[in-house]
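> Build me a model from this:
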Amino acid sequence: MVSLLKAEALPEYTIKAAYLYNFALLTDWHNGDPSGEFNICFYKEDMGSASNALNNKMLRNQKVKVSTVSTPEAAKGCQMVFIRESEGQSGEKLIQKLSGSSILIVSENPNINDSHITMLRDNHKIAFDINLKSIKVSELSVSSRLLKLARRVEP
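Prediction:
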């Protein structure tokens, strides 16, 4: 009897969590503190165990701390905020309130304007678009390596 091994696809949020970590690795915060914690925040809802996997990882000599925030004021203590697809208008309002702050805003809702990075499904794969204009307004810079990996870069 021959046993066949079946490769299981990684759950979508496990892949998205890995993307978030790599987005952070390939972004420079010009006002960043090289010591302490790197705060990745999920707006209103996290990714369950996938987001917990990020907790306590090291990122440029900083320990990653994952939390969920529900107000723009709470999000101001974050270096990165992830907005779920279900957050339409409230996600837009969050981005407006955080505009100009050095917080990398990642969304999975393509209808939300001015997020820095938008993750989406493209032919059954996770892809992402980058909005350079909104990144520059926030005084962040992303690596050319990240720009090359993007599906689309908006100038």
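> how about the helices of this protein, start to end?
Ranges of helices in the chain, per DSSP state H, are 12-25, 49-52, 72-75, 89-98, 132-137, 144-149.
> Out of those helices, the one nearest residue 63 is which?
helix 12-25 (12.4 Å; CB to CB). No exception for glycine: its C-beta is placed from N, CA and C like everyone else's.
> distance between that closest one and the chain's centre?
7 Å (CA atoms, centre = their mean, to the nearest Å).
> how long is stretch 118-130 from one end to the other?
7 Å (CA to CA, to the nearest Å).
> my bad, stretch 37-48
Stretch 37-48 end-to-end distance (CA to CA) = 21 Å.
> One more: stretch 106-117?
Taking CA to CA, the first and last residues of stretch 106-117 lie 5 Å apart.
> What are the buried residues along that stretch?
By neighbour count with 16 or more other CB atoms under 10 Å, stretch 106-117 contains the buried residues 106, 107, 108, 109, 112, 114, 115, 116, 117.
> Quick check: the farthest pair among those?
The span of those, defined through CB to CB, is set by 108 and 114 at 14.7 Å.
> Can you give me the neighbour number for residue 94?
25 (other CB atoms under 10 Å).
> For it, give me its contacts.
43, 72, 75, 81, 83, 87, 105 (CB atoms under 8 Å, 6 or more residues apart in numbering).
> Who are the packing partners of the helix or strand of the chain with the lowest mean pLDDT?
Lowest by mean pLDDT, DSSP states H and E among the helices and strands of the chain is helix 49-52, with a mean of 88. Secondary-structure packing of helix 49-52 (3 or more CB pairs under 8 Å, 6 or more residues apart in numbering; DSSP states H and E): helix 12-25.
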